[in-house]
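# Okay, structure incoming, though there's no sequence with it:
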C-alpha cells in the first residue's frame, strides 16, 4: 500500500510561512495585493477562484476581482491588464485561462507585466523557468509538485523522473524545475511510443496529460513516487486524476490523491508568489 501524500499539510506549512512574510511586509507599509481577472463563468475557474480568495484571506493578502462577461472584447481585457500593470498597489495578477475563442490568448499574456505575473503565463516568467535565472515565477501547479516532494523529504538528485504531459502550464515547466534539482528528466506525452515502458523506468512519475486514467498499472513499477496533477470528471461526476488510482496505488511507494493532492497546494504557492512579488516591488 502506497503512502498517501496529501496536499493539506503541505499547504498549511507553506501558508504559515507566507503569513509571516505578509505580516512583515505590512509592518513596512506594504499590503500585498492580488488582482484576479476572470472572463466568463467556467465552473473550474469559479472553484479555483474561491480557493484562491480563501487562501489569500488566511495569509492577509488583499484580493481585487475584475470580472468580465464571456462576450467582452479583447480590447476590454487588454485595458484591464494595462490598468493592473500601472497600479503600483497591485503586486500580482491571476488571469484565468483558457480565454474565450474570440480572444488572442498569447497577445493577452504578453500584455501582462512579468513583474506581476505570479502564475507563470508570460514569456518572461517562462524564460526564467527554462534558463534557471530565477526571474519571474513558475506556474503555480508546476511548483506545487516540487513543494510536495520537498515537504515529504524526497531528494530528487540523480533520480530518474518522467513527466507525462508537455503543456506550458504544467508539463514543460515541471520538467525544468525537476532538472533544476538535478533529476534526470524525460518528457513524454500520450503519443509517446511504448509509453508504459518509459514510465516504468522512472523513480518519480508526474502525470500531467489531462486525461482520466491515462496512467494505469502497466505504467508503474513497484516503489515509484507518483505525483498526479490531473483534474478530470468521470462518468459518475467524480473528480479523478490522470492515474487510475485503484490500479496504481498498490504498486507505488507514494502517491498524491485526487482531489486533495497537488491541487490543494496550488493556491498556497499562488499566495507565496504574491507575497514575494510585493517584497520585490520595494526593492
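Cool, got the structure. If you're wondering where the values come from, they're calculated on a predicted model, not measured in any experiment.

# The helix or strand of the chain with the lowest mean pLDDT pairs with which strands, parallel or anti?
Ranked by mean pLDDT, DSSP states H and E, the weakest helix or strand in the chain is strand 232-233, scoring a mean of 86. Here strand 232-233 has these sheet partners by DSSP bridges: strand 239-240 (antiparallel).

# Shouldn't residue 63 be within a strand?
Yes: per DSSP: H, G, I helix; E, B strand; the rest coil, residue 63 lies within a strand segment.

# heads up, I number from 182, so please use that
Renumbered: residue one is now 182, and that last one reads residue 244.

# Count residues in the vicinity of it, would you?
18 (other CB atoms under 10 Å). C-betas here are computed from N, CA, C, even on glycine.

# Run through the residues that contact it.
Going by CB atoms under 8 Å, 6 or more residues apart in numbering, residue 244 touches 214, 215, 216, 217, 233, 234, 237, 238.

# circling back: which residues make contact with the least confident helix or strand of the chain from outside it?
With CB under 8 Å, 6+ apart as the test, strand 413-414 has contacts from 391, 392, 393, 420, 421, 422, 423.

# Can you give me the end-to-end span of stretch 425-434?
Using CA to CA, to the nearest Å, the end-to-end distance of stretch 425-434 comes to 15 Å.

# swap that for stretch 425-440, please
End-to-end for stretch 425-440, by CA to CA: 13 Å.

# Drop anything exposed from the contacts of residue 244.
Buried residues within the contacts of residue 244, counting neighbours by 16 or more other CB atoms under 10 Å: 214, 215, 216, 217, 233, 234, 237.

# Among those, which lie within strands?
Members of the buried ones among the contacts of residue 244 lying in strands (criterion: DSSP state E): 214, 215, 216, 217.

# any idea which of the residues you listed is closest to residue 274?
The shortest gap between residue 274 and any of these belongs to residue 216, at 4.7 Å (CB to CB).

# Done for today, thanks.
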